[in-house]
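# Turn this into a structure:
(chains A, B and C)
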Amino acid sequence: MDGNTATSPTSAPEVDGFARTVIAWHARHGRHDLPWQNPATPYRVWVSEIMLQQTQVATVIPYFQRFMARFPTLAALAGAEIDEVLHLWTGLGYYARARHLHQAARRIDIDHGGRFPSAIDRLLELPGIGRSTAGAILSLALGQRHPILDGNVKRVLARYHAIPGWPARAEVQRRLWALAEHHTPRQRNAAYNQGLMDLGASLCIRVRPRCGRCPLAAGCAARRLDRQSQFPEPRPARVKPVRRTRMLLLQRADRVLLVRRPPAGVWGGLWCPPECDLEADYVALCRRQFGLRIGPARAWPMRRHTFSHFHLEIHPLYASVQSEDPGVMDRPGHLWYNEHSSNRCGLAAPVRQLLQDLQEMRA
DNA sequence: AACCCGGGGAC
DNA sequence: GTCCCAGGGTT
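This is a model prediction of the structure:
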């Protein structure tokens, strides 16, 4: 598969041993009691794999449990409102994953009669499902033979073969996929894939890997070189710019105003207090945009939220609403939020924190 | 404060 | 084809 080039220092007999070793290790030391493994239906494995993108197992488990309690079947998810899906995603991050999950459920309902596709090409047509996720679903739930390449597998393979370069780079990714395909066994692929992920999560961890317990240590090139910490190479460092925003906490009785964010970009589709520049005339803005006259404003301490590519400084400003022009708030995209009411909507983690602090201040 | 991460989409 | 974007938790 990989053409036996110099990129693959592994000879064929050893490859068979690689998969056998992983499968044997998985039987004794792998995880068999994860929520999505019992039962491992395509729908449950799909939801878990989407949640596990960019997110660790321990974080995902409670989200998965709540999600399954609310949406036990694909049909339940397809019939849901997006706000309720995002509500269950609140705090998990990368909210495009939830929107794609919801869109894909509706597409399966319409295009596939509600039956989860079992052909990888059909799976790859669905939003949010790429090569690795499709392979994981079909191998873990249906036992099909597909390689996977999640973060754990990338780390194991990059070390075992001493692959230089940052794994997200196209050329490095190509080499890793070729190796993943090369090692993938024809039999027992589910145990192999799950074992490889478990091994990467528990032994071949990023810092101070537990090579003493690793069944692959004898053939591992990084260990032979004593350079485990240098594979895989980290993302090139970049200076993160700082962006600043004002968030207006406008309180009317026991409720606070939220507006829906645009569907794409940061916190897409979530609800958020109205924002403006630090220099903006927020009194005029409240009047013009929302028809609200507000009382004296009080600045709250700045809080910082870090994204992958910038820092966000949030400067909250609290004010109570004195009077309101009728009708302005009837437009969609506005919401007087109260955590005790039945509002079900997605909130970004720092926004949820802000609303929580507001609640505590009033108590 | 630095590090990690699958897929979509802009280019 | 190749890079940039996205959001939390963990260390």
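# List the contacts of the spatially closest residue to A:R70 that is not a sequence neighbour.
Closest residue to A:R70 apart from its sequence neighbours, by Cβ to Cβ, 6 or more residues apart in numbering: A:L88 at 6.1 Å. Glycine gets a C-beta too; all of them are placed from N, C-alpha and C. Residues in contact with A:L88 (Cβ atoms under 8 Å, 6 or more residues apart in numbering) are A:Y63, A:R66, A:F67, A:R70, A:F71, A:A98.
# and those as a markdown table, adding neighbour count, distance to DNA strand C and secondary structure?
Shown next, in a markdown table, are the contacts of A:L88 (neighbours: other Cβ atoms under 10 Å; distance: Cβ to the nearest atom of the strand, whole Å; DSSP: H, G, I helix; E, B strand; the rest coil):
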| residue | neighbour count | distance to DNA strand C | secondary structure |
| --- | --- | --- | --- |
| A:Y63 | 18 | 10 | helix |
| A:R66 | 13 | 14 | helix |
| A:F67 | 23 | 16 | helix |
| A:R70 | 15 | 19 | helix |
| A:F71 | 22 | 20 | coil |
| A:A98 | 26 | 9 | helix |
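# Closest one of those residues to DNA strand B?
A:A98 (11.8 Å; Cβ to the nearest atom of the strand).
# count of neighbours near the closest residue to that closest one other than its chain neighbours?
Using Cβ to Cβ, 6+ apart and skipping residues adjacent in sequence, the residue nearest A:A98 is A:W89, 4.0 Å away. When neighbours are defined as other Cβ atoms under 10 Å, A:W89 has 25 of them.
# outside of stretch A:20-29, which residues touch it?
Contacts for stretch A:20-29 (Cβ under 8 Å, 6+ apart): A:P185, A:R188, A:A191, A:Y192, A:Q194, A:G195, A:L196, A:D198, A:L199, A:S202, A:P215, A:L216.
# farthest pair in those residues?
Of all pairs drawn from those, the one with the longest distance (Cβ to Cβ) is A:P185 and A:S202, at 20.7 Å.
# what residues are up against the closest residue to A:T73 other than its chain neighbours?
Sequence neighbours aside, A:Y43 is the residue nearest to A:T73 in space, at 6.8 Å (criterion: Cβ to Cβ, 6+ apart). Listed by Cβ under 8 Å, 6+ apart, the contact set of A:Y43 reads A:T73, A:L74, A:F116.
# Now look at the helix or strand containing A:Y43 and say if it contacts DNA strand C.
Using DSSP states H and E, the element containing A:Y43 is helix A:42-52. No. Helix A:42-52 stays clear of DNA strand C (Cβ under 7 Å from any atom of the strand), getting no nearer than 11.1 Å.
# how many neighbours does A:H182 have?
20.
# so what strands line up beside the helix or strand hosting A:V259?
If you go by DSSP H and E, A:V259 is part of strand A:255-260. If you go by DSSP bridges, strand A:255-260 pairs up with strand A:242-252 (antiparallel), strand A:271-272 (antiparallel), strand A:334-337 (antiparallel).
# Which members of the contacts of A:Y43 are classed as buried?
Among those, those classed as buried by neighbour count (16 or more other Cβ atoms under 10 Å) are A:L74, A:F116.
# Now render the contacts of A:Y43 as JSON lines, adding distance to DNA strand C, secondary structure and pLDDT.
Formatted as JSON lines, these follow (distance: Cβ to the nearest atom of the strand, whole Å; DSSP: H, G, I helix; E, B strand; the rest coil; pLDDT from 0 to 100):
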{"residue": "A:T73", "distance to DNA strand C": "26", "secondary structure": "coil", "pLDDT": "95"}
{"residue": "A:L74", "distance to DNA strand C": "23", "secondary structure": "helix", "pLDDT": "95"}
{"residue": "A:F116", "distance to DNA strand C": "25", "secondary structure": "coil", "pLDDT": "94"}
